[in-house]
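K.L.:
A predicted structure for the sequence below; I have some questions about it.
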Amino acid sequence: MSLVKFESMLKTNNVYFFDSNEFEDIIQHYLDKGKHSLAYKAIQLGLDQHPTSVPLKLLYVELLIFENKIEKAENILTDIEAIEPNNEEIFIQKATILSKNDKHIEAIKMLKLSLNFSEDPIDILAMIGMEYLYLEDFENAKAYFIKCVDIDCEDYSSLYNIIYCFEVEEKYEDAIKYLTSYIDINPFSEVAWHQLGKQYFVLNKFKEALVAFDYSVVIDESFIGGYLEKAKTLEKLERYEDAIDNYLVTLELDDPTAFAYLRIGECFEKLGILNSAINYYEKSVNEDPLLERGWLLLTDVYYKKGNMPEALICINKAINNDQTNSLYWRKYADINIKLKFYEESVEAFYKCIELGDTEIEIYIALADVLTFLGSYSEALNILVKAKKNYQKSAEIEYRLFGLFMILGKINYGLSHLKNGLAINYGYHNVVRNLYPSIFKNVKVNKIIADYKY
């Protein structure tokens, strides 16, 4: 009612009277909503009507600190301290200023002082915990958040921070012990069961994780996080049908997400039901067109089905979202080869090299396509570059042999043939298909036969 009256007043030239408590509620409402300009107006009017109100001045200090007007805030705090030296809020705001200036140790000292004057210390304890987090002192941070939970077992913000500290230190077993003891006190906490399941999951104890997630959704049948983690755990246990059922529950409880659609699609793919997989992958990219993994999985499933035109469309979508991912260009090249679009595949392989993907497979595939197109000199140059990184590669040596022979540089070619035979004699049969006429050469066959014996 006070808020309605205040906002009505702002629309007119009238000035209404509010008691200081009403102003506090109005200001706090605007601060919570992030409406700082309205909070400022309320503070100004409040202090006009109640110039000696310490709570209103403290709210003013809070707003000034947020706006980084530190000096003015400190001056007001000095005035308040002269009136109420034992007001805990003074110490808290001083600590906030110190924290903003990255003086976390001093902030902690100030907050500990405020505990001497606080009747309800839980917020201060949580602030101390946060200061220790800023210092990456996870042991002390954890100790203070535990104190918060000891006071209020439903302080889930502190509970999450406790588990975060355990996780950063990779003390998953200790986290399990703590959560187990917590559950003994508060057995109907879906949050605790959920967090317990996550610790078991990290340790690959999927059966134990599943039990914990089961409890979380039994306690709260609308707990989306519980169903999601349960579904992921069921995937690890290769119970894909059950995983799908749990992902579908999340879609019923809230707006659909690309993530859930994607996971359902992956489950169907693992079950070998490719049409259903495609259906859900398409739903995922419709929900989030920038979801590169969705386009990539669609590419792969169309590839498996032999539908190269659709696979090409999908990999193009992935590339449009991220042109710096060499994996996408690899797949693009491979699909274009299947479609006999060889020039496009050449461009894609060059793009891979440009992006720093210099695996031997890239060089070999590029050289083979160039050879097929009759670009022998270009293929040779690619292999010469590859040889600098892969000096003991039979795949490269035999191809260099073949290309030098085609270009009439017989001695170079035979030298590389001997290198290839020394590295891997049997591999010459693999490359025979690339240069069938050359392998019919009498001199070549004699070298191969002589090397064998």
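P.N.:
Alright, I've got the coordinates. Numbering: from 1, shown residues only.

K.L.:
Run through the residues that contact the closest residue to Tyr240 other than its chain neighbours.
P.N.:
Leaving aside its sequence neighbours, Tyr240 sits nearest to Cys267 (CB to CB, 6 or more residues apart in numbering; 4.2 Å). Heads up, the C-betas are built off the backbone N, CA and C, glycines and all. Contacts for Cys267 (CB atoms under 8 Å, 6 or more residues apart in numbering) come out as 235, 240-241, 243-244, 247.

K.L.:
Give the buried subset of these as a ChimeraX selection command.
P.N.:
The buried subset of these, as determined by 16 or more other CB atoms under 10 Å, is captured in ChimeraX by this line:
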select :235,240,243,244,247
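
K.L.:
Filter the contacts of Cys267 down to just the ones in helices.
P.N.:
Mapping the contacts of Cys267 onto helices (DSSP state H) picks out 235, 240-241, 243-244, 247.

K.L.:
now those residues in JSON lines, with pLDDT?
P.N.:
Below are the ones in helices among the contacts of Cys267 laid out as JSON lines (pLDDT from 0 to 100):
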{"residue": "Glu235", "pLDDT": "97"}
{"residue": "Tyr240", "pLDDT": "98"}
{"residue": "Glu241", "pLDDT": "97"}
{"residue": "Ala243", "pLDDT": "97"}
{"residue": "Ile244", "pLDDT": "97"}
{"residue": "Tyr247", "pLDDT": "97"}
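
K.L.:
so which of those residues comes closest to Ile70?
P.N.:
Tyr247 (49.2 Å; CB to CB).

K.L.:
Against Ser276, how distant is the residue nearest to Tyr240?
P.N.:
Remark: distance between Cys267 and Ser276 (CB to CB, to the nearest Å) = 9 Å.

K.L.:
give me phi/psi at Leu373?
P.N.:
Torsion angles at Leu373 (phi, psi; degrees, to the nearest 10) stand at phi -80, psi -10.

K.L.:
What helix or strand is the residue nearest to Tyr16 when sequence neighbours are not counted located in?
P.N.:
Spatial nearest neighbour of Tyr16, excluding adjacent residues (CB to CB, 6+ apart): Met9 at 4.9 Å. Using DSSP states H and E, Met9 sits within helix 2-10.

K.L.:
what does the lowest-mean-pLDDT helix or strand in the chain contact?
P.N.:
Within the chain, no helix or strand scores below helix 2-10, which has a mean of 74 by mean pLDDT, DSSP states H and E. Defining contact as CB under 8 Å, 6+ apart, one finds that helix 2-10 is touched by 15-16, 18, 22, 25-26, 29, 38, 41-42.

K.L.:
tell me which residues in the helix or strand where His416 lies are buried?
P.N.:
According to DSSP H and E, His416 maps onto helix 410-423. In terms of neighbour count (16+ other CB under 10 Å), helix 410-423 has its buried residues at 412-414, 416-417, 419-421, 423.

K.L.:
other SSEs contacting the helix or strand that contains Val191?
P.N.:
Element membership of Val191, judged by DSSP H and E, is helix 190-202. Packing partners of helix 190-202 (3 or more CB pairs under 8 Å, 6 or more residues apart in numbering; DSSP states H and E): helix 156-168, helix 172-185, helix 206-219, helix 224-236.

K.L.:
Turn the ones you listed into a markdown table, including distance to Ala379.
P.N.:
Below are those laid out as a markdown table (distance: least, CB to CB, whole Å):
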| stretch | distance to Ala379 |
| --- | --- |
| helix 156-168 | 51 |
| helix 172-185 | 52 |
| helix 206-219 | 49 |
| helix 224-236 | 44 |
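
K.L.:
do you know which of those lies nearest Phe145?
P.N.:
When these are compared by CB to CB, helix 156-168 sits nearest Phe145, at 4.2 Å.

K.L.:
how much distance is there from that closest one to the middle of the chain?
P.N.:
19 Å (CA atoms, centre = their mean, to the nearest Å).

K.L.:
Now that helix - C-alpha only, PDB.
P.N.:
The C-alpha coordinates for helix 156-168 follow below in PDB (Å, rounded to 0.1, in the frame of the first residue of the first chain):
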ATOM      1  CA  TYR A 156      20.900 -23.600   0.600                       C
ATOM      2  CA  SER A 157      23.000 -20.800  -0.600                       C
ATOM      3  CA  SER A 158      25.600 -21.600   2.100                       C
ATOM      4  CA  LEU A 159      25.100 -25.300   1.400                       C
ATOM      5  CA  TYR A 160      26.000 -24.800  -2.200                       C
ATOM      6  CA  ASN A 161      29.000 -22.800  -1.300                       C
ATOM      7  CA  ILE A 162      30.200 -25.600   1.100                       C
ATOM      8  CA  ILE A 163      30.000 -28.100  -1.700                       C
ATOM      9  CA  TYR A 164      31.700 -25.700  -4.100                       C
ATOM     10  CA  CYS A 165      34.600 -25.600  -1.700                       C
ATOM     11  CA  PHE A 166      34.800 -29.300  -1.500                       C
ATOM     12  CA  GLU A 167      34.700 -29.600  -5.300                       C
ATOM     13  CA  VAL A 168      37.400 -27.000  -5.900                       C
END
